[in-house]
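Trainee: Kindly return the folded structure for what I paste below:
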Amino acid sequence: MTQAAITPVDSATQHRRSFFGDGMWIVLCIALAKLLLHYIYNNRYGYFRDEFDYLACAQHLAWGYVDQPPLLPFLVRISRNVLGESLRSVRFLPALSASAIVVLGAMIARELGGRRFALILTAICVLIAPIYLSDGSLLTTDSLEPLLWMGSVYFAILAIKRDEPRYWLWFGVVAGLGLEQKYSIAVLGFGIVVGLLFTNERRSFRSPWIWMGGLAAFLIFLPNLIWNYQHDWPFVQLMHNIKADGRDVQLSPLQYLSQQILLVHPLTAPIWIVGVLAFLFWPPLKRYRFLGWAYLVCLTVFIVLKGKNYYLAPIYPMLLGSGSVFIEYAIEKSRQRWLQPVSILILLAGGVWLIPLVVPVLPVEQFIRYMDSLPFKVPRSEHSHMTAVLPQYYADQFGWQEMVANVAQAWSQLDPAERRDCGIMAQDYGQAGAIDFFGPRYGLPPALSGHQTWFLWGPRGYSGHCLVVLDDRKERLERLFERVEYVGSSDNPYALERDVPVYICRGAKFGSLATLWPHLKKWR
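Mentor: From the prediction side, this is the model:
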């Protein structure tokens, strides 16, 4: 049988198809259902640690931050001004992005030759994948990654499929925006370049458009690159310190692969694994073989660099798409069409089974019982997460308001005149961000911290002779101050940070806070 005879859909025919054809309206309904799911449950627990970081950075717009590029804080600034700062408002952007990737995944499947079932199967797989449900439930830099990674892939597919190299320019634009959102998209770019070089599509490098795309990506990324240079490469220092401290859990190659299966859902594993093989070996997808190589390159890079298990997650919609196209063809060829509705029902049932892991649909106590009943342990990515009652992405939504209320109690004990030169010193960006977010309702000033970007914001003019200090040891503080008064500690049984003590410290022995500040730098 010739390649043309088994190609799922003729390319010329696809150019003439309406966007809403091939069941795309069903895909849109699936995406809207996902958006509604997030809207209903995104305010169930509390604000997430990292969300405080982005909200604070959004109040200090710059071309870069210690732990992230500038795009997400910029979008958060717009979102906060337009929608407000309720949990649902803060998480609308990630919910919208996670819903859009359902549609984009189906669009990729259609460009690869898929018809109605392939598009719906891709959309269902993306819908139930725990990692994409998590992306839609929390505001993090991971929220936009799948959309930007797959946006780049989509334009790469168009450039090859339609023999229109100008799409490489749009590939570069999206990749450049991706670099301004999270640096890891550079691994995808590297993987695609290697994939092109390994296949016949290396001829793309003869066109000026792909080089213009690379230039566009570089120019879009350039402001952040300059910012990093001007600030002595903070992100490089951060990554070096994290590795040196051994903060993250190190995974073997087999563990890394097994956790990919959990992240994208065990029931979808056969589909994306078939997708990898289809890219590499199935004749109808021969022109897109570079994407199969790109996946293998990205997987290898993250395993070698000991990346966290979710670093590779943004790449899977394209594999679910290619796998769905092959499965659709195999079912049609075998004439076992009953497998189509059965497979969809099984996937949806499996999605419902795991959804409490990543979307807070259950009350906390009920979730703990559910988690204990699972046949596997929920992966923990950092050693500090091991003792928490809840997974970190849930645990870090508890305890913040109690902590800020305890700080407010300390603040109330200060004389009004004393408050003018009394700063609030936090140990990490979660504590500092929570004070910056909840503090105004208690009349608290913005927090001080040496952690991440707060270090760059400096001592804010405080002398240091009076400080309200969180989460430190009294013995250490007594070496720095004449008088140290313990106020109390906050606790929440579900929080990752528990028993956070608060002290009022007066009479600095170290001179001025500006002199001490360089020693407070904590980029890890």
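
Trainee: remind me which residues of the stretch 301-450 of the chain are low pLDDT?
Mentor: For the stretch 301-450 of the chain, the stretches flagged by pLDDT under 70 are 380-387.

Trainee: hmm, 50 instead?
Mentor: Along the stretch 301-450 of the chain, no part satisfies pLDDT under 50.

Trainee: What ranges does it have for its helices?
Mentor: 316-334, 339-354, 364-373, 392-395, 400-412, 416-419, 429-438 (DSSP state H, counting those that start in this stretch).

Trainee: Mean pLDDT per helix and strand in this structure: which one sits at the bottom?
Mentor: Using mean pLDDT, DSSP states H and E, helix 3-6 stands out as the lowest-scoring helix or strand of the chain, at a mean of 41.

Trainee: now what about the strand or helix carrying Trp170, what contacts it?
Mentor: Counting by DSSP states H and E, the element that carries Trp170 is helix 167-179. Helix 167-179 has contacts (CB atoms under 8 Å, 6 or more residues apart in numbering) with 69, 71, 145, 148-149, 151-152, 155-156, 158-159, 185-186, 188-189, 204, 207, 209-210, 212-221, 224. Heads up, the C-betas are built off the backbone N, CA and C, glycines and all.

Trainee: just how off-centre is that helix within its chain?
Mentor: 19 Å (CA atoms, centre = their mean, to the nearest Å).

Trainee: Please apply the same query to stretch 434-450.
Mentor: 25 Å.

Trainee: Contacts only, for Gly488.
Mentor: Gly488 neighbours (CB under 8 Å, 6+ apart): 406, 409-410, 501-502.

Trainee: Let's have the residues you listed in CSV, adding neighbour count and distance to Pro284.
Mentor: Conversion of the contacts of Gly488 to CSV gives the following (neighbours: other CB atoms under 10 Å; distance: CB to CB, whole Å):
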residue, neighbour count, distance to Pro284
Asn406, 20, 62
Gln409, 15, 67
Ala410, 21, 67
Pro501, 17, 64
Val502, 23, 64
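
Trainee: can you give me the strands in this protein?
Mentor: 422-425, 466-470, 481-490, 500-508 (DSSP state E).

Trainee: Of all the residues in the longest one, which ones are buried?
Mentor: Neighbour-count burial for strand 481-490, with 16 or more other CB atoms under 10 Å as criterion, is recorded at 481, 484, 487, 489-490.

Trainee: returning to what we had before: please list only the buried members of the contacts of helix 167-179.
Mentor: 69, 71, 145, 148-149, 151-152, 155-156, 158-159, 185, 188-189, 204, 209-210, 213-214, 216-217, 220-221, 224.

Trainee: For Ile131, see how far away the closest residue to Ile368 other than its chain neighbours is.
Mentor: Nearest non-adjacent residue to Ile368, counting by CB to CB, 6 or more residues apart in numbering: Val389, 6.7 Å away. Plainly put, Val389 is 22 Å away from Ile131 if you go by CB to CB, to the nearest Å.

Trainee: ok, now how distant is Leu296 from Gly191?
Mentor: Leu296 is 8 Å from Gly191, by CB to CB.

Trainee: Between these two, which has more neighbouring residues?
Mentor: Taking neighbours as other CB atoms under 10 Å, Leu296 and Gly191 compare with Gly191 leading, 22 against 16.

Trainee: where's the closest residue to Pro94 other than its chain neighbours relative to Ser79, distance?
Mentor: Sequence neighbours aside, Ser143 is the residue nearest to Pro94 in space, at 3.5 Å (criterion: CB to CB, 6+ apart). Counting by CB to CB, the gap between Ser143 and Ser79 amounts to 12 Å.

Trainee: tell me the centre residue of the chain?
Mentor: With distances taken as CA atoms, centre = their mean, Asp142 lies nearest the centre of the chain, 1.1 Å away.

Trainee: Quick check: phi and psi at it.
Mentor: phi -70, psi -20 (degrees, to the nearest 10).

Trainee: list the contacts for Lys522?
Mentor: 427-428, 449-452, 455.

Trainee: rerun that using 6 Å as the cut-off
Mentor: Lys522 makes contact with 450-451 under the criterion CB atoms under 6 Å, 6 or more residues apart in numbering.

Trainee: May I have the beta-bridge partners of it?
Mentor: His451 (DSSP bridges).

Trainee: State the pLDDT value of it.
Mentor: pLDDT for Lys522: 93.

Trainee: any idea how far Ala186 is from the residue nearest to Gly292 when sequence neighbours are not counted?
Mentor: Distances taken as CB to CB, 6+ apart put Phe279 closest to Gly292, at 3.1 Å, once the chain neighbours are dropped. Per CB to CB, Phe279 is found 21 Å from Ala186.

Trainee: Can you list the low-confidence ranges for the stretch 1-150 of the chain?
Mentor: For the stretch 1-150 of the chain, the ranges with pLDDT under 50 are 1-6, 10-13.

Trainee: in it, which spans are helices?
Mentor: Using DSSP H, counting those that start in this stretch, helices in the stretch 1-150 of the chain cover 3-6, 11-16, 24-41, 49-58, 71-83, 87-90, 92-111, 116-128, 130-135, 145-161.

Trainee: hmm, back to that, count of neighbours near the residue nearest to Gly292?
Mentor: Neighbours of Phe279 (other CB under 10 Å): 26.

Trainee: Next, the contact list for it, please.
Mentor: Contacts of Phe279 by CB under 6 Å, 6+ apart are 285, 288-289, 291-292, 322.

Trainee: Any of the residues you listed buried? List them.
Mentor: Buried among these by 16+ other CB under 10 Å: 285, 288-289, 291-292, 322.

Trainee: Now Asn43. Nearest residue, chain neighbours left out?
Mentor: Leu87 (3.9 Å).

Trainee: how far away is the one you found from Arg206?
Mentor: 51 Å.

Trainee: Just want to know which of those two has more residues nearby.
Mentor: Using other CB under 10 Å as the criterion, Leu87 and Arg206 rank with Leu87 on top: 17 against 9.

Trainee: how about the residue lying closest to Tyr370 once chain neighbours are set aside, what does it touch?
Mentor: Here the nearest residue to Tyr370 in space, its sequence neighbours aside, is Pro356; by CB to CB, 6+ apart that works out to 5.4 Å. Under the criterion of CB under 6 Å, 6+ apart, the neighbours of Pro356 are 362, 367, 370.

Trainee: let's see it at 10 Å
Mentor: 41, 362, 366-367, 370-371, 374 (CB atoms under 10 Å, 6 or more residues apart in numbering).

Trainee: Check Ala62 too.
Mentor: By CB under 10 Å, 6+ apart, the contact set of Ala62 is 70, 73-74, 223-224, 227, 231, 453, 456.

Trainee: If anything else comes up later, I'll come back, but that's it for now.
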